[in-house]
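Asker: Coordinates for the following, if possible.
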Amino acid sequence: MAAKYLLLAAELRRRCALLRREGETRLPGELRLCAETGYSRQTVRRALELLEREGLIVRAHGSGTYLADSAPVRSGRVAAVLPSVDTYLYPRLLRDAESVLREAGCTLEAYTTGGLVSREREVLTRLLADPPAGLLIEAAKSALPSVNLDLFEQLDRRGVPLVWVYAPLPVPAGAPCFQDDNEGGARQLVRRLRERGHEHVAGIFRSDDRQGHERYLGFAAALLGCGLPLCEERILWFDTRERAAILRGESGLLERFAADLRPCTAVVCHNDEIAYALIRCLLRAGQRVPEDTAVVSFDNSHLCTLSPVPITSLAHEKHQMGTAAAKALLCMIQGQKAAGARLPWTLRERRSG
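Answerer: I've put the predicted structure just below:
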């Protein structure tokens with residue numbers, strides 16, 4: 001856990017940004033900050049010293065503590081940094097977030113990374129040059145160590161509130177994250193298949209995405225908890241590059257996987273786009289879904305009804321992720337604290353499994 005003065009410094013950076021937007025120039029004195037925050041005077045003093053070294057404040061003996069002249073954060077402009085704006089998850093998230101932000105007088109600008117760390121770095125560098133009032137973000141390759149933590153730290157020092165969606169990173173300390181209950185959802189899908197008589201279940205998960213790891217963990221734990229075998233040779237992992245090839249029909253991964261599924265009679269898929277592609281692959285190979293192979297998934301997207309065999313998939317309440325994340329970010333922009341949440345799933349039963 002971060003030292004107390006570091007936590008307080010992060011809180012004071014956000015307060016500085018709020019004061020600047022309101023046209024204020026002065027922070028409360030040390031004693032008042034002690035009373036407002038509950039920290040000791042030594043902790044308050046160390047936090048202020050850190051902000052002074054960073055050039056965010058100037059302390060004048062006998063006069064007080066003032067905001068330093070630094071590039072102001074633009075009021076009302078919020079940025080969203082996401083892997084894509086066309087994959088089915090993200091347009092819905094952006095619409096819901098924008099609806100909440102628009103009512104509060106904020107505008108939303110969307111930036112895409114393509115799931116690439118290098119492109120994420122380019123976007124964050126641009127945002128540092130012209131900081132927004134707040135930032136919604138899903139990290140690129142969230143299952144891997146991030147080389148962009150330094151840029152997130154710089155945004156935090158500039159007082160830009162940050163809310164994570166789908167998977168958190170440890171910077172800034174205590175930033176809220178709104179994420180799926182991935183382990184719980186995977187357990188729910190395995191139980192569904194077990195109830196329908198399946199004793200050998202395969203899985204397809206994304207390797208460079210934290211959600212993929214969590215879904216695999218819930219999947220494996222549920223199989224073992226039900227007394228079913230974990231068929232490790234029937235688990236397929238794919239990454240960002242392979243995903244793109246799968247969706248273009250150029251990979252061959254799913255074809256090889258589908259040709260060697262036995263003894264498994266069911267598959268838990270990372271999401272609907274993989275389930276949709278797998279069902280089409282199975283049907284081309286002459287297999288029946290679900291009679292020969294059942295397929296279940298996450299997200300309850302439009303692909304579930306477009307699929308040749310409608311997909312049994314897990315759903316959230318409508319508008320839940322984007323709305324909750326935007327409301328939390330607004331609270332932080334206004335200088336208030338906000339907490340993240342882990343969102344539960346509800347099964348939508350269709351023909352595939």
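Asker: Look at the residue lying closest to residue 77 once chain neighbours are set aside and say how many residues are nearby.
Answerer: Once flanking residues are discounted, residue 77 sits nearest to residue 132: 4.9 Å by Cβ to Cβ, 6 or more residues apart in numbering. Any C-beta I mention is one placed from the backbone N, CA and C, and that applies to glycine too. Neighbour count for residue 132, taken as other Cβ atoms under 10 Å: 23.
Asker: next one: residue 31
Answerer: 10.
Asker: Secondary structure element holding it?
Answerer: Assigned by DSSP states H and E, residue 31 belongs to helix 30-37.
Asker: what does residue 328 give?
Answerer: Assigned by DSSP H and E, residue 328 falls in helix 320-333.
Asker: Touching that helix from outside, list them.
Answerer: Helix 320-333 has contacts (Cβ atoms under 8 Å, 6 or more residues apart in numbering) with 14, 18, 78, 92-101, 104, 106, 133-136, 161, 163, 165, 176, 178, 337-341, 343.
Asker: my read: residue 192 touches residue 312, true?
Answerer: Yes. At 7.3 Å, residue 192 counts as touching residue 312 under the criterion of Cβ atoms under 8 Å.
Asker: Who has more neighbours out of those two?
Answerer: residue 312 (24 against 19).
Asker: Show me how the record splits this structure into domains.
Answerer: 4-67, 77-179+319-348, 182-315 (automatic domain parsing).
Asker: Torsion angles phi and psi at the nearest residue to residue 206 once chain neighbours are set aside?
Answerer: Spatial nearest neighbour of residue 206, excluding adjacent residues (Cβ to Cβ, 6+ apart): residue 212 at 3.4 Å. The phi and psi values for residue 212, taken as degrees, to the nearest 10, are phi -60, psi -40.
Asker: and residue 212, how many residues sit next to it?
Answerer: Quick note: residue 212 (other Cβ under 10 Å) scores 23 neighbours.
Asker: Relative to residue 339, how far out is it?
Answerer: 25 Å (Cβ to Cβ, to the nearest Å).
Asker: Equivalent analysis for residue 295, please.
Answerer: Taking Cβ to Cβ, one finds residue 295 at 36 Å from residue 339.
Asker: With neighbour numbers in mind, choose between the two.
Answerer: Ranked by neighbour count (other Cβ under 10 Å), residue 295 and residue 339 place residue 295 first, with 27 against 10.
Asker: Can you tell me the strand partners of the helix or strand harbouring the more buried one and which way each runs?
Answerer: Taking DSSP H and E as the definition, residue 295 sits inside strand 294-298. Each strand that pairs with strand 294-298, with its direction, by DSSP bridges: strand 266-269 (parallel), strand 312-315 (parallel).
Asker: I am finished for the moment; much appreciated.
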